[in-house]
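Chemist: I'll drop the sequence and a predicted model, then ask my questions.
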Amino acid sequence: MSKDYLQGSVLVSPSEEFVETPSIKKIVDRSMSYLHANIPVHLTGPTGTGKSTLAMHLAYKLKQPVMLLFGDEEFGTSDLVGDKMGYRKSKLVDNFIHSVLKTEEDVSHRWVDNRLTTACKEGFTLIYDEFNRSRPEANNALLSVLEEGILTIPPSEEETGYIKVHPNFRIIFTSNPYEYAGVHKTQDALLDRMVSIHLDYFDEVTERAIVATRTGVTSEDAMKIVGILRDFRLMTSSAQAISIRAGIIIGKILKQKGMHIERVNPFVTDICTDALISGRHNNETREKMRRIVIDLIQKHLQDDLVAHLPAYDEQETAHRLEALI
Ligand SMILES: Nc1ncnc2c1ncn2[C@@H]1O[C@H](COP(=O)(O)OP(=O)(O)O)[C@@H](O)[C@H]1O
Ligand SMILES: [Mg+2]
């Protein structure tokens, strides 16, 4: 196998930062059972629920090289399967008569496999991340791959027009729900050929573990960051989605600055505000949300440190948020 041929495959090594709390382990075990039984796994859920990370972890556990494919609005069948390429044009300059310039064209187009074909031939694991960003018809080639273990390709002199899928070939899909911008409704025929596992925001224990592992902050800081994040998520669920990514950003900056969420510090307030409030709100809404973030920081400070601050009034904050959203 030439190197060129395998271009795009990666060997996934274990991630020391992969957090496997009991709730994640349950999903990993279930997914691995499906994959071992040659059933495609589809991880679906809102952004920031760990779909891509989990897909990579499952791929690592399958111990085969991995092909990564990201769904794309512009994709056509050839982007998955392959295309005729290698159109060669070479220039010949006659050394004796300088005015003679010959152009030689090699018109025998060469078929070049794309990632789906390579993975099917070699028995690799294909991760098709956010596959519903591609238009449904671009994914049609997958139907026979998943159903009959056959990939159809345009027939040519060397190729029969189809290939049999290698027994080690596995596929892991991820997608954001249909209501997300820029995604397409997947054809039922394709959804019917995979098992969909619905992921939601992690439980509190897992969120704390992810923030601590990914950023290196203390478990106490991770607890406070996640406490603030989860309260804010509950209060603003109708206005914006808050994923663990916000918690990771706050943790990273605290760690970098050697700071903690331990006293009212304008810098800490600012990074929490930046990380938690999405870019889609106008200034007025942002300012109101910022006040709520400040209240939540106070709520999650240690009691003795906040004794001198006005008591946090959950009901009052909830009212303010209702008025806001
Ligand atoms: N099991 C996990 N262990 C450690 N970090 C995780 C885990 N799951 C998700 N993360 C982290 O959370 C963030 C969001 O995860 P990601 O897989 O990108 O979500 P999605 O693909 O659903 O948008 C990433 O920064 C990722 O590193
Ligand atoms: Mg992702």
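Modeler: Nice, I can see it. Ligands and ions are numbered 1, 2, ... in the order given.

Chemist: got the residues of the stretch 101-250 of the chain near ligand 1?
Modeler: When proximity is defined as CB under 6 Å from any ligand atom, the stretch 101-250 of the chain approaches ligand 1 at 210, 213-214, 244-245, 248. (Glycine included, C-beta is placed from N, CA and C.)

Chemist: Quick one: find the helix or strand in this protein with the lowest mean pLDDT.
Modeler: Taking mean pLDDT, DSSP states H and E as the measure, the helices and strands of the chain show their lowest mean at helix 303-306, namely a mean of 47.

Chemist: which SS class is the residue nearest to residue 217 when sequence neighbours are not counted?
Modeler: Using CB to CB, 6 or more residues apart in numbering and skipping residues adjacent in sequence, the residue nearest residue 217 is residue 251, 4.6 Å away. The local conformation at residue 251, judged by DSSP: H, G, I helix; E, B strand; the rest coil, is helix.

Chemist: Are any of the residues of the stretch 101-250 of the chain next to ligand 1 buried, and if so which?
Modeler: Using 16 or more other CB atoms under 10 Å as the burial test, these include 210, 213-214, 244, 248 as buried.

Chemist: Can you show me the strands along the protein?
Modeler: For the chain, the strands identified by DSSP state E occupy 9-10, 41-44, 66-70, 82-85, 88-93, 101-106, 110-113, 125-129, 150-152, 162-164, 170-175, 195-198, in order along the chain.

Chemist: which residues does the residue most central in space within the chain contact?
Modeler: Centroid-nearest residue in the chain: residue 52, 3.5 Å away (criterion: CA atoms, centre = their mean). Taking CB atoms under 8 Å, 6 or more residues apart in numbering as the definition of contact, the neighbours of residue 52 are 127, 129, 174.

Chemist: cool, residue 178 as well?
Modeler: Applying CB under 8 Å, 6+ apart to residue 178 gives the contacts 132, 185.

Chemist: quick one, phi/psi of it?
Modeler: Backbone torsions of residue 178, given as degrees, to the nearest 10, read phi -60, psi -30.

Chemist: Would you mind measuring from it to ligand 1?
Modeler: 15 Å (CB to the nearest ligand atom, to the nearest Å).

Chemist: So for that residue, what's the pLDDT?
Modeler: Model confidence at residue 178, expressed as pLDDT, equals 76.

Chemist: ok, it to residue 165 distance?
Modeler: Spatial separation of residue 178 from residue 165 under the definition CB to CB, to the nearest Å is 28 Å.

Chemist: End to end on stretch 54-73, go ahead and measure it.
Modeler: 24 Å (CA to CA, to the nearest Å).

Chemist: Which residues belonging to it are considered buried?
Modeler: If you call a residue buried by 16+ other CB under 10 Å, then stretch 54-73 has these buried ones: 54-60, 62, 64-69, 71.

Chemist: What is the neighbour count of residue 155?
Modeler: Counted with other CB atoms under 10 Å, residues neighbouring residue 155 total 10.

Chemist: Spatially nearest residue to residue 197 (excluding sequence neighbours)?
Modeler: Closest residue to residue 197 in three dimensions, ignoring its sequence neighbours and counting by CB to CB, 6+ apart: residue 43, at 5.5 Å.

Chemist: one step back: mind telling me the two of the residues of the stretch 101-250 of the chain next to ligand 1 farthest from one another?
Modeler: 213 and 245 (14.2 Å; CB to CB).

Chemist: What residues are recorded as beta-bridge partners of the residue nearest to residue 197?
Modeler: On the basis of DSSP bridges, residue 43 takes part in beta bridges with residue 174, residue 197.

Chemist: how much space is there between residue 252 and residue 273?
Modeler: Here the criterion is CB to CB. By it, residue 252 lies 16 Å from residue 273.

Chemist: Quick check: which ranges of the stretch 151-300 of the chain have low pLDDT?
Modeler: Within the stretch 151-300 of the chain, the stretches falling below the threshold (pLDDT under 70) are 157-159, 263.

Chemist: how about the helices in it?
Modeler: Secondary structure of the stretch 151-300 of the chain (DSSP state H, counting those that start in this stretch): helices located at 188-191, 204-215, 219-236, 244-257, 266-276, 283-300.
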